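Chemist: pasting the sequence and the predicted model now:
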Amino acid sequence: MVREQYLTTQGCSLQRPENQYVYKIGIYGWRKRCLYLFVLLLLIILVVNFALTIWILKVMWFSTDGMGYLRVTENGLRLEGESEFLFPLYAKEIRSRTVCSSNLVWNSSEV
């Protein structure tokens, strides 16, 4: 801490009394180490979270059009390829493509 120095005039011999108590402002010691450890831990969690998010996006084939073989179109959803549904599928209408060579194959089995 910087001590203040006062200039006195030639005729005045008053001196300012020294302050016995010097207060430290800030975080020192173990509190500082714990704070740095906490910030480091948060940074590690942030990096791992970001990496897992990128990994999930890559594995699930997310894109701006849809996810994997499932595409979002103006008329609804379009599925190209094989797909497996784990839960019941409810749909208002299911159609195959208009091309004659591609048929809609629907297999259902109760487990």
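Modeler: Yes, it's here. Please read all numbers here as calculations on a predicted model, not as lab measurements.

Chemist: secondary structure class for Tyr90?
Modeler: The assignment at Tyr90 comes out as coil when based on DSSP: H, G, I helix; E, B strand; the rest coil.

Chemist: tell me, how many residues neighbour it?
Modeler: 5 (other Cβ atoms under 10 Å). For glycine as for every other residue, the C-beta is placed from the backbone atoms N, C-alpha and C.

Chemist: gap between it and Gly66?
Modeler: When distance is defined by Cβ to Cβ, to the nearest Å, Tyr90 is 19 Å away from Gly66.

Chemist: equivalent analysis for Phe38, please.
Modeler: Applying Cβ to Cβ to Phe38 and Gly66 gives a distance of 40 Å.

Chemist: ditto for Ile27
Modeler: 50 Å.

Chemist: so between those two, which is more surrounded?
Modeler: Gly66 (16 against 12).

Chemist: quick check: closest non-adjacent residue to the more buried one.
Modeler: Among residues not flanking Gly66 along the chain, Val72 sits closest, at 4.7 Å (Cβ to Cβ, 6 or more residues apart in numbering).

Chemist: go ahead and confirm the one you found touches Phe62.
Modeler: No: using Cβ atoms under 8 Å, Val72 is not in contact with Phe62, being 11.5 Å away.

Chemist: helix or strand with the lowest mean pLDDT in this protein?
Modeler: strand 77-79 (a mean of 81; mean pLDDT, DSSP states H and E).

Chemist: buried ones in that one, by neighbour count?
Modeler: Residues of strand 77-79 classed as buried: none (neighbour count, 16 or more other Cβ atoms under 10 Å).

Chemist: can you list contacts of that strand?
Modeler: 66, 69-72 (Cβ atoms under 8 Å, 6 or more residues apart in numbering).

Chemist: now do stretch 53-67
Modeler: Contacts for stretch 53-67 (Cβ under 8 Å, 6+ apart): 68, 71-72, 77-78.

Chemist: nearest to Phe50, of the contacts of strand 77-79?
Modeler: Gly66 (23.1 Å; Cβ to Cβ).

Chemist: which parts of the protein are strands?
Modeler: 66-67, 70-72, 77-79 (DSSP state E).

Chemist: mind putting the ones you listed into TSV with distance to Glu18?
Modeler: Below are the strands of the chain laid out as TSV (distance: least, Cβ to Cβ, whole Å):
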stretch	distance to Glu18
strand 66-67	73
strand 70-72	76
strand 77-79	81
